[in-house]
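Participant: Predicted model and sequence follow; I will ask about them next.
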Amino acid sequence: MKTKLLSFVLVLIFALAACAPAATPTVAPPAPKPTDTPAANFPAGKFIKEGTTDYGLKFNADGTFWVFEGDIIFVRATYKVEGNIFTETSNDGGCDTNVSFTYAFDGANLTFNYVGNPNDDKDCTGRYADFNGVSYTLAEESAAAALPEIKVDAADYSYTAPETVDSGWTRVILTNTGAEPHHVQFLRLNDGVTAEQFEEALKQGEGPALALTQQIGGVGAVHPGGTASAVLNLTAGEYVILCLIPSPSDGMAHHAKGMIRRLTVNDADGHGMEPAADLTVNLKDFTFDMPASLASGPLTIKVTNDGPEPHEFNILKLEEGKTAADVMVFLGGQAGGPPPFAPVGGANGIDAGLTEYAELDLPPGNYVAICNIPSPKAEGHPHFTLGMIKEFTVTGATSNFPAGKFIKTGTTNYGLMFNADGTFYVFEGDNIFVRGTYSVDGNTFTETSNDGGCGTDMAFTYAFDGTNLTFNYVGNPDDDVVCTGRHADFNNVTYTLSN
């Protein structure tokens, strides 16, 4: 890398010297001015080149970028983006302009490849070294800055929260400092509707009030002393945030006791980046499309409402020995005493067609996903009474199963990466194709979820000798032949632990 960097710097110095008038001190030209604003899905931020610690590219939201090492900037340039094509439109390094690359970004890693023959740009040694099939990782400070945060404190019965925020993908962190469970629901008022009109309608009931809004999402119910988070896409407009949970003592909704607050979302040029998901859960009338088992530890779950009614993805941790049936009995008012569960977050109500992200960090145990939203088509009965409650388990990956990067036999850069937190992915080079979760029981490996659209809870026996890892189906492999990728990767296939 140092050799390539020195060559690039020498080329730059030579180009500047050649253009300078004789006997006149060499002066760096002014930085290029932005000409095209990049597409919203192209990431802004600081990226570190693979194999280095402080060399990389800094992309700005105004369509400018630069090449840096530490605090030194070598080249400044501008760019534009169309679809998945990145084009360098100008630079102050003396290289040709309007050179294009395809790019792929998975939320953390950014990879470039030339459009056309890379050798046509070989004279621009710096760019050739930096964009020819090269990957960059989003720097920690940029990753943190890429997603704005709203901190909401929920007490009995009030919120502490900002009055204004910027639009775009935003992490909402809810901390419950009260003595009762609380959630936070974000409602965008329909254009032309005022907060006063909404609050007046709310006095008539939740139905008339919600008809004046769009349900954008929020953080699911959290037990006293707990904290949970979700990522929402906030569009510009006027909002209210509120808690719809009733108090156990008198049945009065928390918003009627003061847990309602106004919020203005301003239209902003810079938007937080949509997070990368570990798996996807689809909400439907009236089911959860999700696996029966999840891995313990941090998970980002993409929650999409396929509708047509509004839905939520609230998570309850079951007490020892309790089941979803016990939850149904308790919520139906047929059992007294303490609840057989503790609410631990999730994603609150969203309208059909919308997406939010639930950020979970669940220890092993038994849980239920539940939707408490009432159905106007079923006389106001909550969705869980119509089938929208699902029990699932959270398991940790067994310690004797190897974590690490494994290369498939007969290939050089295609394989599986297993993480100790029970997540894994399928990769080729720097590209990730499928992400999933797994559990291990004895010598049986079970794929518990994936974002590739294949069936879940598929089990395999495995054998590991310290270097080689081999999988075989439990049952008939032909039963999984429709999942062509998994069938090819786990049907009596061996992988070698990568150095």
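Facilitator: Received the coordinates, thanks. Numbers count the residues shown, from 1 in each chain.
Participant: neighbours of residue 337, just the number please.
Facilitator: The number of residues packed near residue 337 is 6, by other Cβ atoms under 10 Å. C-beta: built from backbone N, CA, C; applies to glycine.
Participant: what's the spacing between it and residue 467?
Facilitator: 55 Å (Cβ to Cβ, to the nearest Å).
Participant: can you give me how far stretch 192-208 is from the chain middle?
Facilitator: 33 Å (Cα atoms, centre = their mean, to the nearest Å).
Participant: mind listing what's buried in that stretch?
Facilitator: Within stretch 192-208, the residues that count as buried by 16 or more other Cβ atoms under 10 Å are 193, 195, 198, 201, 202, 206.
Participant: What strands line up against the helix or strand where residue 46 lies, and which way round?
Facilitator: Element membership of residue 46, judged by DSSP states H and E, is strand 45-49. Paired with strand 45-49 in the same sheet, following DSSP bridges, are strand 55-59 (antiparallel), strand 134-138 (antiparallel).
Participant: ok now it, how far from the chain's centre?
Facilitator: 19 Å.
Participant: One more: stretch 71-79?
Facilitator: Per Cα atoms, centre = their mean, the centroid offset for stretch 71-79 relative to its chain is 29 Å.
Participant: Point out where the stretch 251-400 of the chain drops to low pLDDT.
Facilitator: 269-271, 396-400 (pLDDT under 70).
Participant: 50 instead?
Facilitator: 398 (pLDDT under 50).
Participant: where do the strands sit along it?
Facilitator: Using DSSP state E, counting those that start in this stretch, the strands found in the stretch 251-400 of the chain span residues 260-266, 279-284, 287-289, 293-295, 297-307, 311-318, 341-350, 355-362, 365-370, 389-395.
Participant: quick check: angle from the second one to strand 365-370?
Facilitator: Translated: strand 279-284. With axes from the mean of the first three to the mean of the last three Cα atoms, to 10 degrees defining the directions, strand 279-284 sits at 40 degrees from strand 365-370.
Participant: And strand 279-284, what does it pack against?
Facilitator: Judged by 3 or more Cβ pairs under 8 Å, 6 or more residues apart in numbering; DSSP states H and E, strand 279-284 is in contact with strand 287-289, strand 297-307, strand 311-318, strand 431-441.
Participant: For that strand, which outside residues touch it?
Facilitator: Strand 279-284 has contacts (Cβ atoms under 8 Å, 6 or more residues apart in numbering) with 288-291, 294, 299, 301-307, 311-313, 350, 358, 369, 371, 388, 435-437, 449-451.
Participant: Apply 6 Å and report the result again.
Facilitator: With Cβ atoms under 6 Å, 6 or more residues apart in numbering as the test, strand 279-284 has contacts from 289, 290, 301, 302, 303, 304, 305, 306, 311, 449, 451.
Participant: Quick one, which of the residues you listed are buried?
Facilitator: 290, 301, 302, 303, 304, 305, 311, 449, 451.
Participant: Tabulate those in a markdown table, adding columns for distance to residue 219.
Facilitator: Listed next are the buried ones among the contacts of strand 279-284 as a markdown table, based on distance: Cβ to Cβ, whole Å:
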| residue | distance to residue 219 |
| --- | --- |
| 290 | 18 |
| 301 | 13 |
| 302 | 16 |
| 303 | 12 |
| 304 | 17 |
| 305 | 16 |
| 311 | 15 |
| 449 | 22 |
| 451 | 23 |
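Participant: Show me which of these is closest to residue 217.
Facilitator: Ranked by distance to residue 217 (Cβ to Cβ), these are led by residue 303 at 8.0 Å.
Participant: Grab the nearest non-local neighbour of the closest one.
Facilitator: residue 347 (4.4 Å; Cβ to Cβ, 6 or more residues apart in numbering).
Participant: and the one you found, what does it touch?
Facilitator: 217, 230, 303, 313, 356, 358.
Participant: How much space separates it from residue 89?
Facilitator: Taken as Cβ to Cβ, the span from residue 347 to residue 89 is 40 Å.
Participant: these two touch, right, residue 490 and residue 470?
Facilitator: No. If you go by Cβ atoms under 6 Å, residue 490 and residue 470 don't touch, sitting 9.7 Å apart.
Participant: okay, those two: which has more neighbours?
Facilitator: Remark: of residue 490 and residue 470, residue 490 carries more neighbours, 22 against 16, as counted by other Cβ under 10 Å.
Participant: Spell out which residues sit in contact with the more buried one, please.
Facilitator: Neighbours of residue 490 in contact, by Cβ under 6 Å, 6+ apart: 460, 471.
Participant: cool, residue 454 as well?
Facilitator: Taking Cβ under 6 Å, 6+ apart, one finds 483, 486 in contact with residue 454.
Participant: just the helices in the chain please.
Facilitator: Counting by DSSP state H, the chain has helices at residues 2-19, 125-131, 140-146, 195-202, 206-210, 324-331, 484-490.
Participant: Go through the ones you listed and find the least confident stretch.
Facilitator: Among these, helix 2-19 has the lowest mean pLDDT, at a mean of 31.
Participant: returning to that earlier point: of the strands of the stretch 251-400 of the chain, which is nearest residue 137?
Facilitator: That would be, of the strands of the stretch 251-400 of the chain and by Cβ to Cβ, strand 297-307, which comes in at 17.4 Å.
Participant: Can I get the closest one in CSV? Just the C-alpha atoms.
Facilitator: Output in CSV follows, covering the C-alpha atoms of strand 297-307 (Å, rounded to 0.1, in the frame of the first residue of the first chain):
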residue,chain,number,x,y,z
GLY,A,297,-27.2,-11.4,21.6
PRO,A,298,-27.7,-8.2,19.5
LEU,A,299,-30.0,-8.5,16.5
THR,A,300,-31.3,-5.9,14.1
ILE,A,301,-34.7,-7.1,12.7
LYS,A,302,-36.3,-5.5,9.7
VAL,A,303,-40.0,-5.3,10.4
THR,A,304,-42.3,-4.8,7.4
ASN,A,305,-46.1,-4.5,7.5
ASP,A,306,-47.7,-6.4,4.6
GLY,A,307,-51.1,-5.3,6.0
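Participant: Need the pLDDT of residue 148.
Facilitator: So residue 148 comes in at 87 (pLDDT).
Participant: neighbours around it, how many?
Facilitator: Neighbours of residue 148 (other Cβ under 10 Å): 18.
Participant: dump the residue contacts of it.
Facilitator: Applying Cβ under 6 Å, 6+ apart, the residues near residue 148 are 170, 272.
Participant: Let's see that with 10 Å instead.
Facilitator: 165-172, 234, 268, 270-272 (Cβ atoms under 10 Å, 6 or more residues apart in numbering).
Participant: Show me which of those residues are buried.
Facilitator: 165, 166, 167, 168, 169, 170, 171, 172, 234, 271, 272.
Participant: Pull the contacting residues for the first one.
Facilitator: When you say that, I think you mean residue 165. Contacts of residue 165 by Cβ under 10 Å, 6+ apart are 148, 149, 150, 172, 234, 239, 263, 264, 265, 266, 268.
Participant: Can you say which of the strands of the stretch 251-400 of the chain is nearest to residue 443?
Facilitator: Short answer: strand 389-395, nearest of the strands of the stretch 251-400 of the chain by Cβ to Cβ, at 15.6 Å.
Participant: Partner strands of that closest one, with direction?
Facilitator: strand 293-295 (parallel), strand 365-370 (antiparallel).
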